[in-house]
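> Curious how this folds, go ahead:
(3 chains)
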Amino acid sequence: MKVVRGFYSVAHAVKTCRPNVISAYPITPQTEIVENLAAMYANGELENCVYITAESEFSAASILVGASATGARTFTATCSQGLILMSEVLINAAGMRLPIVLVNTNRALSAPLSIWNDHQDSMFMRDAGIIQVYVENNQEAHDLIPQAYKIAENSKVLLPFMICMDGYKLTHAYEPVDLHSQEMIDEFLPPYEPVAKLSVDKPLTFGSYAPPHIYMEFRVALQNAIERARKVMEDVFKEWAEFTGRDWKSHISAENVDDAELAVITLGSITSLVRDVVESLRREGKKVGLIKLRTFRPFPNDEIRKALKNVNKVIVLERAVSFGNEGQVAIEVKNALYGKSKEIYSFAIGLGGRDVPRELIVKIIDNVMQGKVKQGFHFEGVQEFKEVIP
Amino acid sequence: MIEITIGAISRPMEAKKNKTGDWGTEYPIVDVEKCSGCRSCEMFCPDLCVEVVKENKKKYAVFNYDYCKGCGVCAFVCPENAIRMEVKEIYKLEVE
Amino acid sequence: MLAVAGFKEGYYTLSFPTFGAEKRGTPVASFLRLSDKPIVLRDEIYYPDYVVVLDPTVVESVEVDKGLKENGLLIANYPKSAEEFKKLISTDRKVVTINATKMAMEILGRPITNTAMVGAFAGATKLIKLETLKETIYEWFKGEIADKNAKLVEDACKYMLEVKI
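Model (predicted):
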């Protein structure tokens, strides 16, 4: 165990995965991840690797698309506006079935300008055909990187993999992390064997033109691939747990739900706090449980249905909103529970880095338990305000 | 049952089988005597269907009618006026 | 053009091309619906009342009478007789032919048969009046081009009016 910052926990894990091409453009709160990697590169610690400083996130992603097509193992990190700028390219990468691994250090979207944490950026990429997994702490982020390569590069999958870790809350936090050794990752993660390889001698077109008579089949193939990823992910998660002794569970981690009357579903770094609240309420004899959502795409519908089988009241806590409807996770959870009569309360909290104190979580759970709030969507932790003309 | 490639990957020259030479109503004819072999047509052709060849020290343009769509850019840019666009026989016949 | 002219005559109209491959010379299709009620259908037409063939060379790659209704009519730009066109595509549907390429070459100097076939459609179906078509042409084109296209439409329309269908 070593006390390191979130940035380093990512960079170190990436290094042990032996990437061939890293390309990025700086954006807070991601920059130090690639700064760490750039330093490793400059120090000659990255063998068979090129670090390319791009002139934008769009270019960084484009460089990785080209590199990945040649069979390189690739990495980038970004967030917020940077992820949105990458989105055009990343959506292509999904269609071209390129197993690029990226870390998104979740940050709010403009406007107004905010460099602080929420999940609005990665939720925007929901429909891209990219695997999305949210982590709770820096050890989980560290552990997920080799797993991400193993899943993304599996010939049944071949999709970009986005690890979502909360900006600041995780990236800037110093905490003890059990760092992987090179030997350990060499044992766990085989070299990438691409099914098709772009080279100067053997030119290929990736993601070529598809008129209406053939386009839809490619999109069905993309859906099939991300559906196949479910099982591959389960297997890799399990393999990792056995390999390291650290069991992060599967697509979800369901805790204290079997006899629960109320369960809270949440994701990201806030999970630790919610767990702590749930466990203390348990000690008071209240029947509450927790579902930590790890995989957001593909969405674990079956797992959620199964975990909530005996639970009547469901709270969704999330750091994003689909404006004009409600929180994205709540929408997905409701879809998973279609036809089941559950009370569902969804709350958007902590947008743009607003701190979510323990009291707020306790208040939300208490209010729902006592029937003080209506089912549906609520913002919580918001001051009273009115809009005025300047 | 149709087959699709992973990632919509295609090999080079696959479009070659889609011959487009029958699309046009006109086709270019080069006057070999006038042609100076300057390669203007070769550079401007949007479909890469003209190539300047050398034969007994004489350079001149040769067209690939399998793909030429008859756009006429070559005739337009030719500095020697050595290329004329001819209406295809099938259309000519109808005029007779 | 037929959609605009049709609307002038009191029809609801909807016209659209096959999208995406509008390169000169590519075999393309476009669709036209005329109705006295508002048109809600936007799908391609699979069972047309009329088929207009602008370029006879497309019969090599396209089954032009596919889906044509039993009492439908196929209007073809073809230099030879309707009987010969029927034989060419082996159809039992009603066919009329017009040498639109020749007309276009004579009037426009180029083998662009679109306006001639618009005229032919009007003449053969009597769904749209020649005057309305000409009015539309003068809205779309100016000067010599308008005059030439109007003449082409008129010649083609009049030719068709005299053909026994």
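
> In contact with B:Gly70, which residues?
B:23-28, B:85, B:88, C:25 (Cβ atoms under 8 Å, 6 or more residues apart in numbering or on different chains). Every C-beta, even on glycine, is put in place using the N, C-alpha and C of the backbone.

> and the closest residue to it other than its chain neighbours, what element?
Sequence neighbours aside, B:Gly24 is the residue nearest to B:Gly70 in space, at 2.5 Å (criterion: Cβ to Cβ, 6 or more residues apart in numbering or on different chains). B:Gly24 belongs to no helix or strand when assigned by DSSP states H and E.

> Quick check, B:Gly24 in contact with B:Val73.
No: if you go by Cβ atoms under 8 Å, B:Gly24 and B:Val73 don't touch, sitting 12.0 Å apart.

> of those two, who's got more company?
B:Gly24 (20 against 17; other Cβ atoms under 10 Å in any protein chain shown).

> Which parts of chain C are helices?
Using DSSP state H, the helices of chain C run over C:2-8, C:82-89, C:100-107, C:114-125, C:130-140, C:143-162.

> Check which helices and strands the longest one sits against.
Right, the one you point to is helix C:143-162. Judged by 3 or more Cβ pairs under 8 Å, 6 or more residues apart in numbering or on different chains; DSSP states H and E, helix C:143-162 is in contact with strand C:94-98, helix C:100-107, helix C:114-125, helix C:130-140.

> can you tell which of these is closest to chain A?
Smallest distance to chain A across those (Cβ to the nearest Cβ): 23.7 Å, for helix C:114-125.

> Run through the neighbouring helices and strands of that closest one.
Against helix C:114-125 (3+ Cβ pairs under 8 Å, 6+ apart) you get helix C:2-8, strand C:50-53, strand C:73-77, strand C:94-98, helix C:100-107, helix C:130-140, helix C:143-162.

> near chain B at all, the strand or helix carrying A:Phe237?
Assessed by DSSP H and E, A:Phe237 sits inside helix A:212-244. Yes: remark: helix A:212-244 sits within contact range of chain B at A:214, A:217-218, A:221, by Cβ under 8 Å from any Cβ of the partner chain.

> Mind pulling the model confidence for whichever residue of chain B sits closest to chain A?
Distances from chain B to chain A, computed as Cβ to the nearest Cβ, single out B:Gly7 as the nearest residue at 3.7 Å. In this model, B:Gly7 is scored at 94, pLDDT.

> before we move on, back to that, does the helix holding A:Phe237 pack against any helices or strands, and if so which?
With contacts defined as 3+ Cβ pairs under 8 Å, 6+ apart, helix A:212-244 has these neighbours: helix A:80-95, strand A:131-134, helix A:138-152, helix A:182-188.

> what residue ranges in chain C are flagged as low confidence?
Within chain C, the stretches with pLDDT under 70 are C:20-25.

> what residues are up against B:Pro79?
Neighbour list for B:Pro79: B:36, B:38, B:40 [criterion: Cβ under 8 Å, 6+ apart].

> Pull out the buried residues from those.
By neighbour count, with 16 or more other Cβ atoms under 10 Å in any protein chain shown, these hold B:38, B:40 as buried.

> Mind jotting down where the helices sit in chain B?
Listed from the start of the chain, chain B has helices (DSSP H) covering B:40-44, B:73-77, B:89-95.

> The second one vs chain C: in contact?
Read it as helix B:73-77. No: shown here: helix B:73-77 not in contact with chain C (Cβ under 8 Å from any Cβ), separated by at least 11.9 Å.

> and for that helix, what are the contacting residues?
With Cβ under 8 Å, 6+ apart as the contact definition, helix B:73-77 has outside contacts at B:28, B:40-41, B:44-46, B:50, B:61, B:63, B:83-85.

> Could I get these in a markdown table, plus columns for pLDDT and distance to A:Trp248?
Formatted as a markdown table, these follow (pLDDT from 0 to 100; distance: Cβ to Cβ, whole Å):
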| residue | pLDDT | distance to A:Trp248 |
| --- | --- | --- |
| B:Pro28 | 97 | 67 |
| B:Ser40 | 96 | 65 |
| B:Cys41 | 97 | 64 |
| B:Phe44 | 97 | 60 |
| B:Cys45 | 96 | 59 |
| B:Pro46 | 93 | 55 |
| B:Val50 | 96 | 62 |
| B:Ala61 | 96 | 67 |
| B:Phe63 | 96 | 65 |
| B:Ile83 | 97 | 70 |
| B:Arg84 | 96 | 74 |
| B:Met85 | 95 | 69 |
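
> Weed out the non-buried ones from those.
For these, a burial check counting by 16+ other Cβ under 10 Å picks out B:28, B:40-41, B:45, B:50, B:61, B:63, B:83, B:85.

> Could you dump the residues you listed into JSON lines with distance to C:Ile128 added?
Shown next, in JSON lines, are the buried ones among the contacts of helix B:73-77 (distance: Cβ to Cβ, whole Å):
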{"residue": "B:Pro28", "distance to C:Ile128": "39"}
{"residue": "B:Ser40", "distance to C:Ile128": "47"}
{"residue": "B:Cys41", "distance to C:Ile128": "44"}
{"residue": "B:Cys45", "distance to C:Ile128": "41"}
{"residue": "B:Val50", "distance to C:Ile128": "44"}
{"residue": "B:Ala61", "distance to C:Ile128": "47"}
{"residue": "B:Phe63", "distance to C:Ile128": "42"}
{"residue": "B:Ile83", "distance to C:Ile128": "42"}
{"residue": "B:Met85", "distance to C:Ile128": "34"}
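
> Any idea which of the helices and strands packed on helix C:143-162 gets closest to A:Gly350?
helix C:130-140 (59.3 Å; Cβ to Cβ).

> Tally up the residues packed near the residue lying closest to C:Val28 once chain neighbours are set aside, please.
Excluding its sequence neighbours, the residue lying closest to C:Val28 (Cβ to Cβ, 6+ apart) is C:Thr18, at 5.4 Å. As a burial measure, C:Thr18 scores 15 neighbours (other Cβ under 10 Å).

> Also B:Asp31?
14.

> which residues does it contact?
Counting by Cβ under 8 Å, 6+ apart, B:Asp31 makes contact with B:82-84.

> make it 6 Å
B:Ala82 (Cβ atoms under 6 Å, 6 or more residues apart in numbering or on different chains).

> Find me the pLDDT at it, would you?
What the model reports as pLDDT for B:Asp31 is 96.

> Check the one 3 residues further on too.
In this model, B:Lys34 is scored at 96, pLDDT.
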